[in-house]
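Peer 1: pasting the structure only:
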């Protein structure tokens with residue numbers, strides 16, 4: 001709720017107290033693009049941090065998509081250092097694959113994760129206007145409660161086992177980095193995005209900067225109607241005249257978020273009744289669901305459980321789209337098999353099995369000793385095999401597993417498992433009983449390996 005008659009500095013301090021207090025971290029990151037919202041947040045955070053003795057680390061991602069981006073990054077660096085805060089510019093390069101804006105969002109988070117070192121919190125300057133625009137975007141796509149819910153004031157971002165930044169990836173200052181430990185990751189398993197400006201409007205933040213004679217840069221793409229978000233932004237004045245102003249849309253999104261929380265709690269309650277009493281002894285990362293119990297629950301919870309299982313197994317940060325998800329649910333309830341989100345869903349006797357689709361990992365390869373996770377969720381620990389290839393088991397690996405028994409995965413589940421290879425020779429695959437064992441471990445949340453139940457509560 002927006003509180004009128006209270007200064008923006010006080011509202012920012014109150015928000016930080018609610019989100020991170022009362023024992024504040026000693027160091028916090030700030031993602032600052034140079035636009036009016038993020039520059040206002042930098043000023044607010046500077047005033048707040050000076051009072052509370054918190055050190056700020058400022059980071060700017062140069063996406064390289066416009067000629068002005070390097071100059072804008074240099075502008076932020078100068079402003080941050082003038083305030084006495086260390087700054088780094090991270091460089092992202094689009095590979096030309098997929099949706100450019102979605103790739104930029106993912107790339108931005110990946111770079112920040114690689115930059116942050118021991119930092120566990122990174123502030124971002126999302127506002128009530130962003131909440132309203134996102135609500136309209138999701139409404140256009142036909143989203144349900146999940147999509148129409150307001151963005152959370154704080155949310156965890158799972159660490160994906162990324163390499164450290166190379167010197168060519170950045171200019172400027174790095175927070176303290178984690179020392180590498182033998183066989184383990186080089187940084188904590190996750191960090192939190194914190195949004196302390198969600199109860200503030202874009203106009204309020206820019207007025208604040210103007211009064212303080214602060215500066216910012218204007219991104220011309222923010223006025224380009226080729227982008228859907230810009231279309232929604234330009235539609236807001238028209239909707240305002242119909243009574244659908246930013247505050248009304250944001251309040252509706254906040255109510256949707258409350259409904260989302262209730263639905264998550266219901267999904268957890270149901271999961272406790274439909275998870276199988278006994279499962280296979282190997283740990284393959286699959287999700288099993290009791291079919292009889294699943295078929296009796298309401299459709300909304302069925303969809304929520306299925307969507308969460310697909311996200312959990314694929315480590316995809318986004319929920320599947322509604323239409324293909326519903327179509328998959330229909331097939332599965334009818335006893336069929338389907339694929340979605342890089343996963344395969346199969347009806348197997350008493351259970352539904354959600355497993356990694358082989359096609360999604362067939363070309364994924366790393367080396368033993370690399371710090372990247374294989375397929376974003378498997379960590380390889382056997383240093384004696386350093387330099388060997390990590391890839392999916394596949395049909396050729398299956399053929400090299402002679403001692404298959406009741407405790408080993410069936411072919412459709414086994415072929416997408418991580419395995420270690422020396423050229424064409426299979427060296428190790430724990431689940432199939434090949435090799436010395438304990439060579440790979442599920443690592444979807446880094447050191448904070450969450451259960452599927454905990455995942456449901458946060459997704």
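Peer 2: Received, thanks. The structure displayed is predicted, hence computed values, not measured ones.

Peer 1: okay, CA-based contacts and neighbour counts for the rest of this
Peer 2: Will do.

Peer 1: count the neighbours of residue 432 for me.
Peer 2: Residue 432 has 25 neighbours, counted by other C-alpha atoms under 10 Å.

Peer 1: now do the same contact list for residue 331.
Peer 2: By C-alpha atoms under 8 Å, 6 or more residues apart in numbering, residue 331 lies in contact with 337, 338.

Peer 1: that one should be in a strand, yeah?
Peer 2: No. Using DSSP: H, G, I helix; E, B strand; the rest coil, the secondary structure at residue 331 is helix, not a strand.

Peer 1: so what's it scoring on pLDDT?
Peer 2: With respect to pLDDT, residue 331 scores 96.

Peer 1: same check on residue 138?
Peer 2: 92.

Peer 1: can I assume it sits in a strand?
Peer 2: No. Per three-state DSSP, residue 138 lies outside any strand segment and is helix.

Peer 1: is residue 254 in contact with residue 149, as I believe?
Peer 2: Yes. With contact defined as C-alpha atoms under 8 Å, residue 254 and residue 149 form a contacting pair (6.2 Å).

Peer 1: and those two? Which one has more around it.
Peer 2: More neighbours surround residue 149 than the other of residue 254 and residue 149, with 25 against 19 (other C-alpha under 10 Å).

Peer 1: list the contacts of that one.
Peer 2: 135, 253, 254, 255, 256, 257, 258, 260.

Peer 1: so how far is residue 265 from the fourth one?
Peer 2: Summarising the geometry, the distance separating residue 255 from residue 265, computed by C-alpha to C-alpha, to the nearest Å, is 16 Å.

Peer 1: what domains does the record give for the protein?
Peer 2: Annotated domains of the chain cover 8-252, 270-357+450-458, 359-442 [automatic domain parsing].

Peer 1: so how far is the first one from its chain's centroid?
Peer 2: Looking back up the chat, that one is domain 8-252. Mean-position distance between domain 8-252 and its chain equals 14 Å (C-alpha atoms, centre = their mean, to the nearest Å).

Peer 1: swap in the second one?
Peer 2: Domain 270-357+450-458 has its C-alpha centroid displaced from the chain centroid by 20 Å (C-alpha atoms, centre = their mean).

Peer 1: can you get me the start-to-end distance on it?
Peer 2: First residue to last in domain 270-357+450-458 (C-alpha to C-alpha) measures 15 Å.

Peer 1: got it, and the longest one?
Peer 2: One end of domain 8-252 to the other measures 23 Å (C-alpha to C-alpha).

Peer 1: can you tell me which helices and strands the longest helix seen in the chain packs against?
Peer 2: Counting by DSSP state H, the longest helix found in the chain is helix 246-274. If contacts are counted by 3 or more C-alpha pairs under 8 Å, 6 or more residues apart in numbering; DSSP states H and E, helix 246-274 sits against helix 128-140, helix 145-148, helix 291-295, helix 299-314, helix 452-458.

Peer 1: nearest to residue 204, out of those helices?
Peer 2: Closest approach to residue 204 among the helices and strands packed on helix 246-274 is made by helix 128-140 (10.4 Å; C-alpha to C-alpha).

Peer 1: now stretch 118-134: buried residues?
Peer 2: Of all the residues in stretch 118-134, those buried under the rule 16 or more other C-alpha atoms under 10 Å are 118-134.

Peer 1: also stretch 423-434?
Peer 2: Buried residues in stretch 423-434 (16+ other C-alpha under 10 Å): 426, 427, 428, 429, 430, 431, 432, 433, 434.

Peer 1: one more: stretch 388-406?
Peer 2: 388, 389, 390, 391, 392, 393, 394, 397, 398.

Peer 1: and stretch 208-219, by the same measure?
Peer 2: Neighbour-count burial for stretch 208-219 [16+ other C-alpha under 10 Å]: 208, 209, 215, 216, 219.

Peer 1: hmm, back to that, hey, least reliable of the helices and strands packed on helix 246-274 by pLDDT?
Peer 2: Among the helices and strands packed on helix 246-274, helix 452-458 scores lowest, with a mean of 83.

Peer 1: contacts for that helix?
Peer 2: Outside helix 452-458, the residues that reach it (C-alpha under 8 Å, 6+ apart) are 261, 264, 265, 267, 268, 271, 305, 308, 309, 312.

Peer 1: okay, the fourth one and residue 296: tell me how far apart.
Peer 2: It refers to residue 267. Distance from residue 267 to residue 296, by C-alpha to C-alpha: 13 Å.

Peer 1: quick one: which of these two has more around it?
Peer 2: residue 267 (22 against 9).

Peer 1: for that one, which non-adjacent residue is closest in space?
Peer 2: Distance criterion C-alpha to C-alpha, 6 or more residues apart in numbering; nearest residue to residue 267, sequence neighbours excluded, is residue 301 at 5.8 Å.

Peer 1: for the one you found, what are its contacts?
Peer 2: Residue 301 neighbours (C-alpha under 8 Å, 6+ apart): 263, 266, 267, 270.

Peer 1: could these be laid out in JSON lines, adding distance to residue 351?
Peer 2: Compiled in JSON lines, the contacts of residue 301 are given as follows (distance: C-alpha to C-alpha, whole Å):
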{"residue": "263", "distance to residue 351": "23"}
{"residue": "266", "distance to residue 351": "21"}
{"residue": "267", "distance to residue 351": "18"}
{"residue": "270", "distance to residue 351": "15"}
